[in-house]
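[1] Just to be clear, the model below is a prediction. Sequence and coordinates:
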Amino acid sequence: MQEQVRIVYMCEECLYCSSEPGNHHGRPMTRCDAGCPGDECTKPLETAEGRLLTRAPRWWIFRERKRI
């Protein structure tokens, strides 16, 4: 069974999350593909030595790539 990809919508000003698109702080919320639970994109960024670079999931850090 294939797991469903999680899509979340976030306000870039206050980081409010929703499962439905909408406006927040007068702007459209950003659509983000949060991946499937356990997917590599849900893990934080680490160095090759395993040192944590950020606690943010990879999908959040690299979300801008999909806009280009």
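    Cool, got the structure. Only a predicted model underlies this, so the values are computations on that prediction, with no experimental measurement involved.

[2] What about P44? Give its phi and psi, please.
    With angles defined as degrees, to the nearest 10, P44 shows backbone torsions of phi -70, psi 160.

[3] so it makes contact with L53?
    Yes. The pair P44 and L53 passes the contact test of C-beta atoms under 8 Å, sitting 7.3 Å apart. (C-beta placed from N, C-alpha, C; glycine too.)

[4] which of those two has more neighbours?
    For P44 and L53, the more surrounded residue by other C-beta atoms under 10 Å is P44, and the numbers stand at 13 against 10.

[5] Now S18: closest residue in space that isn't a chain neighbour?
    Y9 (4.9 Å; C-beta to C-beta, 6 or more residues apart in numbering).

[6] Likewise for G35?
    Nearest in space to G35, with sequence neighbours left out and distances taken as C-beta to C-beta, 6+ apart, is C41 at 4.0 Å.

[7] Spit out the contact partners of the residue most central in space within the chain.
    Centroid check for the chain by C-alpha atoms, centre = their mean gives W60 as the closest residue, at 3.4 Å. Neighbouring residues of W60 by C-beta atoms under 8 Å, 6 or more residues apart in numbering: C32.

[8] which SS state does it fall under?
    Secondary structure of W60, reduced to three states by DSSP: H, G, I helix; E, B strand; the rest coil: helix.

[9] what pLDDT does it get?
    The model reports W60 with a pLDDT of 81.

[10] For the chain, just list every one of the strands.
    6-10, 17-18, 23-24, 27-28, 30-35, 44-46, 52-57 (DSSP state E).

[11] Columns mean pLDDT on top of these, output as CSV?
    Rendered in CSV, the data for the strands of the chain read as follows (pLDDT from 0 to 100):
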stretch, mean pLDDT
strand 6-10, 90
strand 17-18, 92
strand 23-24, 96
strand 27-28, 96
strand 30-35, 87
strand 44-46, 90
strand 52-57, 88
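
[12] picking that back up, so what's the residue nearest to G35 up against?
    So C41 contacts D33, A34, G35, P57, R58, W59, F62 (C-beta under 8 Å, 6+ apart).

[13] The second one contacts V8, correct?
    Which is A34. Yes. The pair A34 and V8 qualifies as a contact (C-beta under 8 Å) at a distance of 5.1 Å.
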